[in-house]
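S.K.: this one's sequence-less:
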């Protein structure tokens with residue numbers, strides 16, 4: 001799997017976001033066992049402690065369950081995953097609206113742009 005890490009934010013946060021996205025997109029399905037900390041750390045080219053922190057955050061967010069010895073699995077609670085998907089989608093819409101507002105466009109303009117893009121597909 002491809003990992004994209006930048007210098008502008010803590011690595012563990014970026015890892016958490018990328019694993020979360022994989023859960024939300026269905027790369028990791030509900031109930032799937034997640035790869036071991038060391039395996040993920042090696043894939044991402046990071047320290048295992050950094051990956052451990054990212055996975056601990058995934059657990060805190062409710063998207064993963066388990067522990068150190070048994071490993072972690074993706075939650076089987078689909079409502080948690082759906083809620084996280086909706087939260088992420090709404091954040092993307094807000095970011096788009098904020099950018100368009102900075103460019104001087106109204107919400108009505110934003111809606112018109114969205115309709116045009118959907119129609120062009």
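M.R.: Now that the structure is in, tell me what you want to look at. Nothing here was measured: the structure is a model prediction, and the numbers come from that model.
S.K.: OK, contacts around residue 104?
M.R.: Applying C-beta atoms under 8 Å, 6 or more residues apart in numbering, we find residue 104 in contact with no residue. For the C-beta atoms, the positions are set from N, CA and C on the backbone; glycine is no exception.
S.K.: tell me the pLDDT at it?
M.R.: The score at residue 104 is 97. That number is its pLDDT.
S.K.: so which bits of the longest helix seen in the chain are buried?
M.R.: Across the chain, the longest stretch assigned as helix under DSSP state H is helix 78-102. Residues of helix 78-102 classed as buried: 80, 81, 84, 85 (neighbour count, 16 or more other C-beta atoms under 10 Å).
S.K.: residues touching the spatially closest residue to residue 80 that is not a sequence neighbour, list them.
M.R.: Spatial nearest neighbour of residue 80, chain neighbours left out: residue 62 (4.7 Å); criterion: C-beta to C-beta, 6 or more residues apart in numbering. The contact partners of residue 62, taken as C-beta under 8 Å, 6+ apart, are 75, 77, 80, 84.
S.K.: hang on, the earlier thing: please state the offset of the longest helix of the chain from the chain centre?
M.R.: Centroid displacement of helix 78-102 relative to its chain, using C-alpha atoms, centre = their mean, to the nearest Å, is 11 Å.
S.K.: next SSE downstream of it?
M.R.: helix 107-120 (DSSP states H and E).
S.K.: which residues does that next one contact?
M.R.: The set of residues external to helix 107-120 that reach it, using C-beta under 8 Å, 6+ apart, is 96, 97, 100, 105.
S.K.: in the protein, which residue sits furthest out from the middle?
M.R.: residue 104 (29.6 Å; C-alpha atoms, centre = their mean).
S.K.: quick revisit: let me have the buried residues of helix 78-102 in a markdown table, extended by distance to residue 15 and pLDDT.
M.R.: Listed next are those as a markdown table, based on distance: C-beta to C-beta, whole Å; pLDDT from 0 to 100:
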| residue | distance to residue 15 | pLDDT |
| --- | --- | --- |
| 80 | 19 | 97 |
| 81 | 18 | 98 |
| 84 | 16 | 97 |
| 85 | 19 | 97 |
